[in-house]
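> here you go, sequence then predicted model.
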Amino acid sequence: MSLLQRVQSWAPVPVYPVTGEGGAAPMQGLRLRPALTFVSSIRHASVLLVCGNIREADRPALRRLHDQLAHPRATFWWRAEPLSDAADPVSDTSDDPVEALCRLDRLLRTGARTSEADWLPNEPPNPWKGEGAHGQGGKGMMGGVPYGRPMAMTDQDLRDGLMLDAMTLRLGPFAPMLPAGLSLELTLQGDVVQAARVLTPVYADKAPREHASLWQAADLLNLLGLEALALQCRSVVEKPGFSRRKLLDAARRAGAFLAIPPNLGRAGVTDVRSRLRSALLGDDHGISADILDLVELLVGCEWQEAMLVINSFTRDQLIRIAPVTPEQADGEGAANPSRVPMQHHGAHG
Amino acid sequence: MSPLANLAITLVIAGFAGLAIIGWPRGSGASWPQRVPFLGGGSQTTHAWQRYHLRYYPMTLLFIAFEMEMMFMYPWAVVYVEEGLKALGEMAMFLSILSVGIVYAWREGVFRWQ
């Protein structure tokens, strides 16, 4: 191993976490290990860490995620069944996979293990080339469908009646800012959520409430940019004698509550602020039965507010208030992503 | 050689040196699945080229108004003492013209926090 490779091996392993059923608790424990860095973007990771059982419905998303990793890359299946696409999978069922992860990363960096190939075929996700010999003509780039996706069409803005473009995207189920398993179809105008639809529900979590509440508080504090405080929340999980009031006071001093708009995500008598407070103290903040739909809370929120609202509920609450939303008929809802815009240039070829 | 020729040659050499350091522009070599936007495993149905509201534009206009005031007040302050009342009158006229714009923005709710 050259000197550069040796120095490189000292760096923490950048992993992107994919949490499945039963993987939440083990994954939270790994977040405290200095040998690993949990990255928020798939492009920054070299190892895709999969823990827990992945639903059949989420496997296409996992394939998409895997192929977005930069080379050299590998997938580590920790207490998870490898997909059939994985050739030579690295699996581990032990309680502590850190050493195996570091070894895998070293093998990747030194070139001893070849980078994993794509699991999906190497073709554009939305075919857009025309009919001619050189891809010209027909319906394609000139037909208003660049790279095969329709342009975001204008739609009335919720707040002040402007006509702005409404972009529809599907986020999740392994997005870093959403609870594991939750995938949403969001229609955004800029950063304002215009419409939302739940595609897959969040994975159930069997962890004890006193642990789950601290992890939930850590996720919320991470969203607010208070990473050090979030790390402290995660680290006190294993310290039952630690006073949780100290965490609450530290969060208050750091301005966490001031950063959250008042009455955001109001569900009966609770809002995001009170739910963060309950999560830090470990109280049980039951939400009103009137709040049946997470989607109603999200519409009209800005991006940051929407993420705070989603993460302010526990997994059990999210399973209740965020069931899978059936697809509406065409023409309903704020934006229709399948609507192809007008042909500006007419057909060619 | 003239300074301009020296500058031109320096720029050309620097440009080529920069290109050499980055390894000459070439394609990323990324496959089609690798180029898909990162959405946590999700997919995109509409194009990402979207027009969105530049919500900070009233703040920008207000900044420009005050910035112009400042810009003319700096040189004015240097000559104000020797010019006396005449300079004060001219600055008052300038400020009143700018305040028309600021009062209009105030009426439009620019100072209202949202």
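Noted; the coordinates are in hand. Numbering: from 1, shown residues only, chains lettered A, B, ... in the order given.

> neighbours of B:Phe111, how many?
12 (other C-beta atoms under 10 Å in any protein chain shown). Where you see a C-beta, it was placed from the backbone N, CA and C, and this is true even at glycine.

> who are the contact partners of it?
B:Ala105 (C-beta atoms under 8 Å, 6 or more residues apart in numbering or on different chains).

> tell me where the chain has helices.
All of this is about chain A. A:3-10, A:24-30, A:59-68, A:98-110, A:209-223, A:227-235, A:244-253, A:256-259, A:272-281, A:294-298, A:303-311, A:315-321 (DSSP state H).

> should've been chain B
For chain B, the helices defined by DSSP H occupy B:3-21, B:57-83, B:85-107.

> for A:Ser46, see how far away A:Cys102 is.
From A:Cys102 across to A:Ser46, the span is 12 Å (C-beta to C-beta, to the nearest Å).

> between those two, which is the more surrounded one?
Set A:Cys102 next to A:Ser46 and count neighbours by other C-beta under 10 Å: A:Ser46 wins out with 20 against 17.

> so, low pLDDT: which residues of the stretch 201-349 of chain A?
Filtered on pLDDT under 70, the stretch 201-349 of chain A yields the residue ranges A:285-291, A:328-349.

> give me that answer again for 90
Where the stretch 201-349 of chain A drops to pLDDT under 90, the residues are A:204-211, A:237-244, A:267-270, A:282-293, A:325-349.

> now do the contacts for the residue of the stretch 1-150 of chain A found nearest chain B.
Nearest residue of the stretch 1-150 of chain A to chain B, counting by C-beta to the nearest C-beta: A:Ala61, 2.9 Å away. Contact analysis of A:Ala61 by C-beta under 8 Å, 6+ apart lists A:172-174, A:183, B:40-42.

> re the thing from before, residues shared between the contacts of A:Cys102 and A:Ser46?
In contact with both A:Cys102 and A:Ser46: A:Val13, using C-beta under 8 Å, 6+ apart.

> how about the residue nearest to the spatial centre of chain A: what's its closest non-neighbour residue?
Residue closest to the mean C-alpha point of chain A, counted by C-alpha atoms, centre = their mean, is A:Ala175 at 1.1 Å. The shortest distance from A:Ala175 to any non-neighbouring residue, by C-beta to C-beta, 6 or more residues apart in numbering or on different chains, is to B:Gly40 (2.6 Å).

> thought that neighbour was touching A:Pro179?
No. Using C-beta atoms under 8 Å, B:Gly40 is not in contact with A:Pro179, being 11.1 Å away.

> ok, back up a step: may I ask which of the contacts of A:Ala61 has the most neighbours?
That'd be A:Pro173 among those, by other C-beta under 10 Å, with 30 neighbours.

> so what's the residue lying closest to it once chain neighbours are set aside bridging to?
Nearest residue to A:Pro173, sequence neighbours excluded (C-beta to C-beta, 6+ apart): A:Ser183, at 4.1 Å. With beta bridges defined as DSSP bridges, A:Ser183 has these partners: A:Thr200.

> and if you look at A:Leu36?
A:Leu36 has these beta-bridge partners by DSSP bridges: A:Val13.

> show the contacting residues for it.
Contacts for A:Leu36 (C-beta under 8 Å, 6+ apart) come out as A:12-13, A:15, A:30, A:98, A:101.
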